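[1] Prediction below, plus the sequence it came from.
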Amino acid sequence: MSSRGRVTLNQTNISSSASPGIKPCNNSGATFGAGLSKAHRWGVANRRTKIANITLNIISEFDAVIFDMDGVITDTASVHAAAWKKTFDAYLRSRERVFRQPFKEFTSADYLAHVDGRPRYKGVQAFLNSRGISLEFGSSGDAPGRETICGLGNQKNSLFNRLLEDGVKTFDSSIALVKNLRRHGIKVGLATSSKNGAAILSTTGTTNLFDTVVDGNVSERLGLKGKPEPDIFTAASDNMRVPYGRAVVVEDAATGVRAGIAGGFALVIGVARSNNAGELYDHGADVVVRDLAEASVDQIDRWVKARRSCGGAQPQGDPRRKGNL
């Protein structure tokens, strides 16, 4: 569990029916507001000015937001989960036939604990380790289905691409928030473990919404470590020349939340679409919402301010790095 202090918007238990909110500061116990459904009860607005149709932040607690893709921007987390289940269940059935090992299906709990948010091959390895199964790593060129870490990962990707042929949906509330952030002069990045990131953004027509995109292919090329290491988020922040302590991370996976905490970002927002609010909090999320309709530019600004009042993140990282990966 993260040791970061927390601030709360409601005092209900996270397992209750109330919308999840920021948890209490360990050092003050202060609470802010009565619940996320009343997130706009604060009347304080940031002063901003417009120059040539571009809104610039004059007083703001953050300069950038970095979004995960699957389950946050695009409704593809369920597609990933379905592809992983088909892959692992087929493999576990084969071990039942060959080694007489009792079949135990791949579950949603397995997906969240071992695969969600991780680079593909690391996800395979983590799940197999949980079942006491050891396989050769192989190579990225292994044929789909070959009995190696890479072969199983490639099988999953093949199934995933077939499932994508039915189309990819985006979350309207997430796209609306991204556009609103941009209108207010806030930089927006995307960081994902998926090697399908560029293709999915192109399919959904959302590529131009992001100032930088760091996906699985970029990570492989640059040797970035996967979640829960913070590399993809810090790379995105560096690309936008924004200090980590002035950037916000939005994630739906526990590994991604841990990455945001490890990177020293101003705020980590968890999106609990899988009834996993408690897990996201336990791994360090400062705020948990069910949907990004519960957030806004001003609301995020208040959350960051509340986080800093509890001794939260300070600006760090190298804002001088140039270029878009």
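    Everything's here; your move. Residues are numbered from 1 along each chain as shown.

[2] rest of the way, CA atoms for contacts and neighbours
    Noted.

[3] quick check: mean pLDDT across the helix or strand where Trp303 lies?
    Using DSSP states H and E, Trp303 sits in helix 297-309. Helix 297-309 shows a mean pLDDT of 95.

[4] how about the strands in the chain?
    48-51, 54-57, 64-67, 187-191, 212-214, 247-251, 267-271, 287-289 (DSSP state E).

[5] and the helix holding Trp303 with strand 267-271, angle?
    Angle of helix 297-309 versus strand 267-271, following axes from the mean of the first three to the mean of the last three Cα atoms, to 10 degrees, is 120 degrees.

[6] other SSEs contacting helix 297-309?
    Packing partners of helix 297-309 (3 or more Cα pairs under 8 Å, 6 or more residues apart in numbering; DSSP states H and E): helix 172-183, strand 267-271.

[7] gap between it and the chain center?
    The chain centre lies 19 Å from the centre of helix 297-309; the measure is Cα atoms, centre = their mean, to the nearest Å.

[8] what angle separates it from helix 172-183?
    80 degrees.

[9] Who are the packing partners of the lengthiest helix in the chain?
    Determined from DSSP state H, the single longest helix within the chain is helix 77-99. In terms of contacts (3+ Cα pairs under 8 Å, 6+ apart), helix 77-99 is packed against helix 149-164.

[10] at 10 Å what do you get?
    helix 108-110, helix 120-130, helix 149-164 (3 or more Cα pairs under 10 Å, 6 or more residues apart in numbering; DSSP states H and E).

[11] closest to Phe99 out of those helices?
    Across the helices and strands packed on helix 77-99, Phe99 has its closest neighbour in helix 120-130 (15.3 Å, Cα to Cα).

[12] Report the mean confidence score over the closest one.
    Helix 120-130 carries an average pLDDT of 96.

[13] could I have it exported to PDB, CA atoms only?
    C-alpha atoms of helix 120-130 as PDB (Å, rounded to 0.1, in the frame of the first residue of the first chain):
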ATOM      1  CA  ARG A 120       2.300  -8.400 -23.300                       C
ATOM      2  CA  TYR A 121       5.200 -10.800 -22.600                       C
ATOM      3  CA  LYS A 122       5.500  -9.800 -19.000                       C
ATOM      4  CA  GLY A 123       1.800 -10.400 -18.600                       C
ATOM      5  CA  VAL A 124       2.300 -14.000 -19.900                       C
ATOM      6  CA  GLN A 125       5.200 -14.600 -17.600                       C
ATOM      7  CA  ALA A 126       3.400 -13.200 -14.500                       C
ATOM      8  CA  PHE A 127       0.300 -15.300 -15.000                       C
ATOM      9  CA  LEU A 128       2.300 -18.500 -15.700                       C
ATOM     10  CA  ASN A 129       4.400 -17.900 -12.600                       C
ATOM     11  CA  SER A 130       1.200 -17.600 -10.600                       C
END
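
[14] quick one: that helix to helix 149-164, angle?
    120 degrees.

[15] Now do the buried residues in helix 120-130.
    Applying a neighbour-count criterion of 16 or more other Cα atoms under 10 Å, one finds 120-128 buried in helix 120-130.

[16] quick one: low-confidence parts of the stretch 51-200 of the chain?
    Residues of the stretch 51-200 of the chain that meet the criterion pLDDT under 70 lie in 51-59.

[17] let's see 80
    Low-confidence segments of the stretch 51-200 of the chain, defined by pLDDT under 80: 51-59, 117, 165-166.

[18] Closest to the centroid, which residue in the protein?
    Glu251 (2.5 Å; Cα atoms, centre = their mean).

[19] Look up the residues forming beta bridges with that residue.
    With DSSP bridges as the criterion, Glu251 is bridged to Gly270.

[20] Quick one: residues contacting it.
    The contact partners of Glu251, by Cα atoms under 10 Å, 6 or more residues apart in numbering, come to 66-73, 117, 191-192, 257-260, 268-272, 280, 285, 288.

[21] Could you check how far it is from Ala81?
    16 Å (Cα to Cα, to the nearest Å).

[22] One more: Phe233?
    From Phe233 across to Ala81, the span is 23 Å (Cα to Cα).

[23] I appreciate the help and will end here.
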